[in-house]
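>>> test case, fold it:
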Amino acid sequence: MKKVTLLYTLLTIVVLGVGIYWGYQLLQEPEKSVFLIGESSPGHHQIEQACETCHQTPFGGGEVLQDACVGCHAAELKDAHDSHPKSKFTDPRNANRLDQIDARYCMACHREHQPDQTREISVTLPVDYCVACHQDIAEDRTSHEGMEFDTCASAGCHNYHDNRALYEDFLLAHAGEPDMNPKPVIASMKDYLLTAESSSEGSPQTPLQPDYPEQNAKVTKAIEEWHGSAHSADVNCSGCHQSEHANTANPQFSETPDALVCVECHESQAKGFLRGKHGMRLAIHTDATQSFPLNQSLTALTDPGNRLFDPMTPAQGRLPFKGKSHAEELTCNSCHGSHDYKLGVSASVDACMGCHDDQHTNAYQSSPHYGIVLKEQAGEVPKGSAVTCATCHMPKVEDEHQEGVYHTSHNQNENLRPNEKMIRSVCLDCHGLQFALDSLADPILIENNFNGRPTKQIDSINLAIEREKE
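Model prediction:
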């Protein structure tokens, strides 16, 4: 009996000891991954330690989580003309459609921390989820007779939220287009022409003189790079290095400016960067309820003390990256350089290929698109014709405040998933709609970076034509 009592005593001491040890570790360790009930989705993994961004109160249920989803994604859904808005399902006439899927709530289709059942675009429902509301579709559209419901969301058919590239009127308007536009004009060409016109007006500006407080070999190299950049005309050293948030002995000068120092002059680009894969961690504010939507001024985010995370590094990503880039922090300087302000192929191809190590990226230099880059460099095609990584994934867009002025959208999420989102903004500048739909539905062709012809045949345009005849 004494042995049993002693054994229980020892076990109790061990359990208490382990509990105290781990409790102490949790208090000392800022990582919260031990509390995760499962891995977060690919779209949220960068901010999974900011639990309060979604779980804004410990006593909230679905409504609180819904507010968090809408807080981050409302603007994107509005821009996409959401084809399944909440208002559709709060209409009493559609009440019966909520029996199987309560589509008023994002979580009905996108449940976090469910890695075993999470598919593309973080959908956690079976692939045939459209049957819940559209089981009688074949009766309304004879063209769909015999089609399985697990094909509804296939590339080139239907997208639940953003269906702009597949509207019937749009399909009909682009029916019969050739594979290649005989006179392609992409936004970067318009941007180049605008820049060339504006730079030719008036006399050239005289470069500023550096106002750096001291000179050494490192500084000399930086100044030489800066003198050859666009910044030397109107942005002096203090424009970036003088900061009220500088963590140095001299608060008036920061040897290493903050990651978001560029915001002051490049607000449009910065907003895209902070919504995209590269910069989203920097948009997480210490007040999580006011952070990620970026509806407020960006000024608060320029203070490092207000941010919850350091910049993203490739090592924290879930894609293949080159080993040498794993520890690099992703800021504006990652692609554009600290002083030489790299643009063109350096920022839109070399920077991308310097980090990404997937098959699609590595096949780029064997693709027809890269061939156009080489032709532009040789002067064989007009300036701005090059199709770089950024042309498709971070295309030029018209500035929201200045008509006719273009800037690069640094938010990759705008046309990444589903990939048909890039049809209107990118593909149709050069290709016909049928060719674009077929290409984006061919996973092997995508992996080879479109080096070849599509092997898929999407019938969406033909179905629209048949429906119009009916």
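>>> from here on, contacts and neighbour counts on C-alpha atoms
Fine.
>>> count of neighbours near the closest residue to Asn451 other than its chain neighbours?
For Asn451, ignoring the flanking residues on the chain, the nearest one in space by CA to CA, 6 or more residues apart in numbering is Ser367 at 4.9 Å. Each residue near Ser367 was counted by other CA atoms under 10 Å, and the total is 16.
>>> for the one 3 residues further on, same thing?
Burial measure for Tyr370: 19 neighbouring residues, criterion other CA under 10 Å.
>>> which ones are touching it?
Neighbouring residues of Tyr370 by CA atoms under 8 Å, 6 or more residues apart in numbering: Tyr364, Ala386, Val387, Thr388.
>>> wait, doesn't the third one sit right on Ile372?
Pointing back at Val387 there. Yes. Contact criterion CA atoms under 8 Å: Val387 and Ile372 qualify, at 6.4 Å.
>>> for these two, indicate the residue with more neighbours.
Between Val387 and Ile372, Val387 has the larger neighbour count (other CA under 10 Å), namely 23 against 17.
>>> may I have the phi/psi pair for the more buried one?
phi -110, psi 100 (degrees, to the nearest 10).
>>> what's the spacing between it and His369?
5 Å (CA to CA, to the nearest Å).
>>> that older thread, between the contacts of Tyr370, which is closest to Leu298?
Comparing those against Leu298 with CA to CA places Thr388 closest, at 29.2 Å.
>>> so how many other residues sit close to the closest one?
Using other CA under 10 Å, Thr388 is surrounded by 24 other residues.
>>> circling back: residue contacts, the residue nearest to Asn451?
Going by CA under 8 Å, 6+ apart, the list of residues near Ser367 reads Asn448, Asn449, Phe450, Asn451.
>>> list just the nearest of those to Ser460.
Nearest to Ser460 among the contacts of Ser367, with distances taken as CA to CA, is Phe450, at 20.9 Å.
>>> what sits against the closest one?
By CA under 8 Å, 6+ apart, the residues touching Phe450 are Ser367, Pro368, Ser439.
>>> so what does it look like in phi/psi?
phi 60, psi 40.
>>> again with the one 10 residues further on
Dihedral angles phi and psi of Ser460 (degrees, to the nearest 10) take the values phi -60, psi -40.
>>> same question, Lys421
Here is the backbone geometry of Lys421 (degrees, to the nearest 10): phi -60, psi -20.
>>> measure it to Leu428 for me?
11 Å.
>>> with Gln114 instead?
In terms of CA to CA, Gln114 sits 36 Å off from Leu428.
>>> what's the answer for Ser367, then?
Going from Ser367 to Leu428 by CA to CA gives 18 Å.
>>> ditto for Ser268
24 Å.
>>> which one of those two has more residues nearby?
Ranked by neighbour count (other CA under 10 Å), Ser268 and Leu428 place Leu428 first, with 21 against 16.
>>> how about that one, nearest residue that isn't a chain neighbour?
Here the residue nearest Leu428, using CA to CA, 6+ apart, is Ala436, at 7.5 Å.
>>> how much space between that neighbour and Leu36?
Shown here: Ala436 relative to Leu36, a distance of 40 Å by CA to CA.
>>> who has more neighbours out of the two?
Ala436 (23 against 12).
>>> which strand or helix spans that one?
Using DSSP states H and E, Ala436 falls within helix 433-440.
>>> my read is that Thr90 contacts Asp102, right?
No. Using CA under 8 Å, Thr90 makes no contact with Asp102, being 10.1 Å away.
>>> between those two, which is the more surrounded one?
Each of Thr90 and Asp102 has its neighbours counted (other CA under 10 Å); Asp102 has more, 16 against 13.
>>> show me what the helix holding Ala436 is packed against.
helix 422-425, helix 443-447 (3 or more CA pairs under 8 Å, 6 or more residues apart in numbering; DSSP states H and E).
>>> tell me which of the ones you listed lies nearest to Gln49.
helix 422-425 (30.8 Å).
>>> and the residue nearest to Leu428, how far is that from Ser348?
From Ala436 over to Ser348 the distance is 22 Å, taken as CA to CA.
>>> again, but for Phe273
With distances taken as CA to CA, Phe273 is found 14 Å from Ser348.
>>> low-confidence ranges in the protein?
Along the chain, the parts satisfying pLDDT under 70 run over 1-33, 193-205, 213, 243-252, 287-297.
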